[in-house]
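K.L.:
build me a model:
(chains A, B and C)
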Amino acid sequence: MVKSALPADGRPMKKNDVILIVVLLMTAFAAFVSISLYSKLSTREAEAVVYVKGEEQGRYPLSQDTVVELSLENGSYNILQIREGKADITEASCPDKICVKHRPVRGKGENLVCLPNQVVVEIENGEKSEVDAATN
Amino acid sequence: MKKVYGAIFLAVGIIVFAGAFCLYGRNGKLQQYQGQFFDCFDTVTTVTSYAASEEEFSDQMQLLKEKLLYYHQLYDIYHTYEGINNVKTINDAAGVKAVKVEPELINLLRLGREMYEQTQGKFQIAYGSVLSLWHDCREQGITNPKQAKLPSMEELSKRAQHTDMDKIILDEDASTVFLSDREMSLDVGGIGKGYAVQRLAEYAKELGMEHVLISVGGNVCAVGGKIDEKPWRVGVENPDQESAKAYLCTVDIADQSIVTSGDYQRYYEVDGKRYCHIIDPGTEMPPEYFASVSVLSKDSGRADALSTALFTMEFEEGLSLVESLKDVEAMWIGKDGEIRTSSGWKANEEK
Amino acid sequence: MTKKIAYTGMFTALAFVFSYIESLLPINIGIAGVKLGLANLVVIVALYLTSVKAACILSLVRIVLTGFTFGNPASMIYSLAGGTLSLGVMVLAKKFKFFSVTGVSVLGGVFHNIGQILVAIVVVETASLLYYLPILILSGTVAGVLIGILASVIIKHLEKAFAISE
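P.N.:
Numbering: from 1, shown residues only, chains lettered A, B, ... in the order given. Predicted coordinates for the structure are as follows:
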C-alpha cells in the first residue's frame, strides 16, 4: 500500500492551506491599499497648460480659481477662466468664437483650441486620460 | 538526476530572459511624446508617438510638418505658392489652359472622382463655384453678424450649372489638369485633408514610426496601435457644446482612421438660424439631417469624403451606402442627440 | 518504464487539450493573465501521481506546443516564465509537505501570475504593472483553490490505479 498523497481524513484542505490562503488574500489586500495610496499621492495635480503657436506659455492648476488674459500680437486676446476645477475660454478676439462656445474642459487630454489666435489650452496631469485623441 | 533538473531550469531561465530582452529591445526605452503645430489645413495638428528621446521626436515632428505643409500648399484653393502649381493654379487657369501638376494632385483628383461615383454625386470636388459663394457669405456673417445674409437662390442655381465633373480633364501621362468650363472651380476641402493625413501616416511608417496617432483638426489616423499593442482610443465629440459630456462615444482604432463632419463648429447664423459649412450638391443648401457624422475606415481620404457625403444624405440612404462598402463603418448623431450606427460600428466601440 | 512514458504522453496531451479548451472559453474580465489555468490541473495531478520529472517534461512540452499552435513567441515567453516559476515553487512546496494539494496548487497559481508580471515589467520597463499585482494574487489564489480541490478529487480516484500499476 502506497502512502496517500492526500490528508488521512480525505478532505482537500489542511489547516496550513487555509492559513496560506488567508495570508495571500491579506497580502493582495495590503498591496492594493498601498498601491492606491501611493498612486493617489503621486498623481500630479491637473493643470491647464496654455500653448501659443505650439510653445508653452503657462500652467495653471485647476484647483485654484483664476482668470488669465492671454494677450497676443496685434491686440488679439483670449480670456481663460479657471473655476470649479474646469478651464474655460470666456472671451476671445477671434471672429468664429469656436473656443468660447466650447464647453469647459477638466479631464486629462481634453483641450480648447482657438485656431485664429493659434492658442491651445490643454489639460495635463491629473487622473488617467479617457482618450488619446478626439474627432469632431 | 538533480543536475538534469538544474540544467533544465537554467535553460528555461536563459530562454525566458533572452526572450524578454528581445521583446524589450523591440520597444526599447521608448517614451510617449505629443507635439502640435499649426499652419496646415487651417487647423491644429497633434501627433502622438513614441521616441527614445525628445530630440528624436522633434526631428520626426519637423519632417512630418514639412510633409503636411507640402500637401497643404498643393491642395490650397485660396493661395498660390512660389514654384508649385496647386489647386488654385488649376482654378485660375479654368477654361484657359491645362496646368502641369505633381502626381499627388492627380492622385487626389482621381480619388475625388472615385468618391463622386461611389456616393452618386453627393461628394463633389467640382463644386467650388457654389462653395465659394457660401464661403464668402459665411466669412462676412461671422465678422459682421448683424449683416449676415444668405446667398441668393438665383445666384446659387446659376453657379450650380458650372459643377460638371466631366469637365475636369485629367491627363495622367502628361500629368496635367484642365478645367474645360471657365466658370467652374475645384474645391477639395472635403477630401484633401483626409488624403494628406493618410499619406502622412504612410510617410511616418517610412520614417520607422510604428505607433503613431495623428489628428489634423479631428481627422484622426492611427499607425499601428499603442506601444503595448492596445488600440488608440478616440473620443467622438459631443456636438452639443453646452453639454458637460465631452464625448458621446469612444472608439478603439489601430491602423484605421476616423473622420467626423459636423455642423457645430464651422457655421454662421442668419436670423437666428444656423448654416454650416457643408453644402448638399443636390440642393445647394446646408443639409439639416444630423449634428455630426463620423466615419471609420482604413483609408483617411475615403473616410473624409464619405463623412462629408453622409452628412448630406438621409440616414437610410447613407446606411445602405455604408453597408455596401467594405471596411467602412459610420455613426450618425442627430440634432436631438440620437445616435445611430452601421452594423459593424459596435465592434470598434470601447468595450 | 514504458508505462511512465505512456502516462507522461497522455498527461501532456491532456494538458494541451485543456489549454485549447481554455483558449475557447474567454473568461475575459479585462485584465490579462486572469484565468483558471486548467492545464495546471494536469501538472498537479502528474506531480502527485507520477514524478517530478514527468511533471517538468509535460509542463515544458505543453507550453512549447501551445505557444506554437495558438500563441506567438511573446506569449510563449510569458508562459515559460509563469509555468517554470509556478512548477518550481510547487515542487518545493510538495517536498516540504507543509501543505496539501490545495495549498500547493494555490502557490502554483499565484507564482504563475507573479512570473508573468515579472517578465512584463522587464519587457515594458514600467513598474506601474505592479498595480496588477493585487488582482493577480487574488485571481491566482481563487484559481488555485478551485484547481486544488479538483486535483484532490482526481488524485483520490486515480491514486489506487496508479499504485497498483507501479
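K.L.:
where's the residue of the stretch 201-350 of chain B found nearest chain C relative to chain A, distance?
P.N.:
Taking C-beta to the nearest C-beta as the measure, the stretch 201-350 of chain B has B:Asp228 as its residue closest to chain C, at 6.4 Å. To be clear about C-beta, it is placed using only N, CA and C from the backbone, and glycine gets the same treatment. Noted for B:Asp228: a distance of 12 Å to chain A, by C-beta to the nearest C-beta, to the nearest Å.
K.L.:
and what of C:Ala6?
P.N.:
19 Å.
K.L.:
just C:Thr84 next, same as before
P.N.:
From C:Thr84 to chain A the distance is 20 Å (C-beta to the nearest C-beta).
K.L.:
the helix or strand where that residue lies near chain B at all?
P.N.:
Taking DSSP states H and E as the criterion, C:Thr84 maps to helix C:73-95. Yes. Under the criterion of C-beta under 8 Å from any C-beta of the partner chain, helix C:73-95 makes contact with chain B via C:73-74, C:76-77, C:80-81, C:84, C:88.
K.L.:
count of neighbours near the residue nearest to C:Lys94 when sequence neighbours are not counted?
P.N.:
Spatial nearest neighbour of C:Lys94, excluding adjacent residues (C-beta to C-beta, 6 or more residues apart in numbering or on different chains): C:Val104 at 5.4 Å. Using other C-beta atoms under 10 Å in any protein chain shown, C:Val104 has 29 other residues around it.
K.L.:
contacts only, for C:Val104.
P.N.:
C:44, C:47, C:90, C:93-94, C:148 (C-beta atoms under 8 Å, 6 or more residues apart in numbering or on different chains).
K.L.:
quick check, nearest of these to A:Gly85?
P.N.:
The nearest member of those to A:Gly85, counting by C-beta to C-beta, is C:Gly148 at 49.1 Å.
K.L.:
correct me, but the closest one touches C:Ile44?
P.N.:
Yes. With contact defined as C-beta atoms under 8 Å, C:Gly148 and C:Ile44 form a contacting pair (7.4 Å).
K.L.:
which strand or helix spans C:Ala151?
P.N.:
helix C:133-165.
K.L.:
helices or strands up against that helix?
P.N.:
Applying 3 or more C-beta pairs under 8 Å, 6 or more residues apart in numbering or on different chains; DSSP states H and E, one finds that helix C:133-165 contacts helix A:15-42, helix C:38-49, helix C:101-124.
K.L.:
buried stuff in that helix?
P.N.:
Of the residues in helix C:133-165, C:133-152, C:154-155, C:159, C:162 count as buried by neighbour count, 16 or more other C-beta atoms under 10 Å in any protein chain shown.
K.L.:
a markdown table for the contacts of C:Val104, including pLDDT?
P.N.:
Converted to a markdown table, the contacts of C:Val104 look like this (pLDDT from 0 to 100):
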| residue | pLDDT |
| --- | --- |
| C:Ile44 | 92 |
| C:Leu47 | 90 |
| C:Met90 | 93 |
| C:Ala93 | 90 |
| C:Lys94 | 89 |
| C:Gly148 | 92 |
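K.L.:
next, count neighbours for residue 68.
P.N.:
No chain was given, so I picked chain A. 18.
K.L.:
I was thinking of chain B, sorry if that wasn't clear
P.N.:
24.
K.L.:
same question for B:Arg159.
P.N.:
So B:Arg159, with other C-beta under 10 Å, has 22 neighbours.
K.L.:
surely it is in a helix?
P.N.:
Yes. Counting by DSSP: H, G, I helix; E, B strand; the rest coil, B:Arg159 is part of a helix.
K.L.:
and the pLDDT for the closest residue to it other than its chain neighbours?
P.N.:
The shortest distance from B:Arg159 to any non-neighbouring residue, by C-beta to C-beta, 6+ apart, is to B:Ser129 (4.3 Å). Note on B:Ser129: pLDDT of 95.
K.L.:
isn't B:Ser129 up against B:Asp164?
P.N.:
No. B:Ser129 is beyond contact range of B:Asp164, at 10.8 Å (criterion: C-beta under 8 Å).
K.L.:
quick one: secondary structure of B:Pro239?
P.N.:
coil.
K.L.:
is it true that it touches B:Ala291?
P.N.:
Yes. Counting by C-beta under 8 Å, B:Ala291 is a contact partner of B:Pro239 at 3.6 Å.
K.L.:
overlap in contacts of those two?
P.N.:
In contact with both B:Pro239 and B:Ala291: B:262-264, B:333, B:337, using C-beta under 8 Å, 6+ apart.
K.L.:
sort out for me which of those are in strands.
P.N.:
B:262, B:333 (DSSP state E).
K.L.:
thinking again about what came up before, in TSV, list the contacts of C:Val104 along with distance to B:Ser180.
P.N.:
Below are the contacts of C:Val104 laid out as TSV (distance: C-beta to C-beta, whole Å):
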residue	distance to B:Ser180
C:Ile44	81
C:Leu47	84
C:Met90	81
C:Ala93	85
C:Lys94	87
C:Gly148	82
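K.L.:
which one of those residues is nearest A:Lys14?
P.N.:
C:Gly148 (11.1 Å).
K.L.:
contacting residues around that closest one?
P.N.:
A:12-13, A:17, C:44, C:100-106.
K.L.:
any idea how far it is from C:Ser23?
P.N.:
For C:Gly148, the distance to C:Ser23 (C-beta to C-beta, to the nearest Å) stands at 22 Å.
K.L.:
same thing with C:Val42?
P.N.:
15 Å.
K.L.:
can you check C:Leu118 too?
P.N.:
With C-beta to C-beta as the criterion, C:Leu118 and C:Ser23 are 23 Å apart.
K.L.:
how about the residues of the stretch 201-350 of chain B near chain C?
P.N.:
B:Asp228.
K.L.:
hey, where'd the strands end up in the stretch 201-350 of chain B?
P.N.:
B:212-216, B:219-223, B:232-237, B:247-253, B:257-262, B:267-270, B:273-276, B:290-297, B:328-334, B:339-341 (DSSP state E, counting those that start in this stretch).
K.L.:
JSON lines for those, including mean neighbour count and distance to B:Glu183?
P.N.:
Shown next, in JSON lines, are these (neighbours: other C-beta atoms under 10 Å in any protein chain shown; distance: least, C-beta to C-beta, whole Å):
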{"stretch": "strand B:212-216", "mean neighbour count": "24", "distance to B:Glu183": "31"}
{"stretch": "strand B:219-223", "mean neighbour count": "28", "distance to B:Glu183": "30"}
{"stretch": "strand B:232-237", "mean neighbour count": "26", "distance to B:Glu183": "37"}
{"stretch": "strand B:247-253", "mean neighbour count": "20", "distance to B:Glu183": "41"}
{"stretch": "strand B:257-262", "mean neighbour count": "27", "distance to B:Glu183": "27"}
{"stretch": "strand B:267-270", "mean neighbour count": "17", "distance to B:Glu183": "25"}
{"stretch": "strand B:273-276", "mean neighbour count": "16", "distance to B:Glu183": "24"}
{"stretch": "strand B:290-297", "mean neighbour count": "27", "distance to B:Glu183": "31"}
{"stretch": "strand B:328-334", "mean neighbour count": "23", "distance to B:Glu183": "34"}
{"stretch": "strand B:339-341", "mean neighbour count": "15", "distance to B:Glu183": "39"}
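K.L.:
now the ones you listed in JSON lines, with mean pLDDT and distance to A:Ala134?
P.N.:
Listed next are the strands of the stretch 201-350 of chain B as JSON lines, based on pLDDT from 0 to 100; distance: least, C-beta to C-beta, whole Å:
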{"stretch": "strand B:212-216", "mean pLDDT": "96", "distance to A:Ala134": "7"}
{"stretch": "strand B:219-223", "mean pLDDT": "96", "distance to A:Ala134": "8"}
{"stretch": "strand B:232-237", "mean pLDDT": "93", "distance to A:Ala134": "5"}
{"stretch": "strand B:247-253", "mean pLDDT": "92", "distance to A:Ala134": "7"}
{"stretch": "strand B:257-262", "mean pLDDT": "96", "distance to A:Ala134": "9"}
{"stretch": "strand B:267-270", "mean pLDDT": "90", "distance to A:Ala134": "19"}
{"stretch": "strand B:273-276", "mean pLDDT": "92", "distance to A:Ala134": "19"}
{"stretch": "strand B:290-297", "mean pLDDT": "96", "distance to A:Ala134": "11"}
{"stretch": "strand B:328-334", "mean pLDDT": "96", "distance to A:Ala134": "14"}
{"stretch": "strand B:339-341", "mean pLDDT": "95", "distance to A:Ala134": "16"}
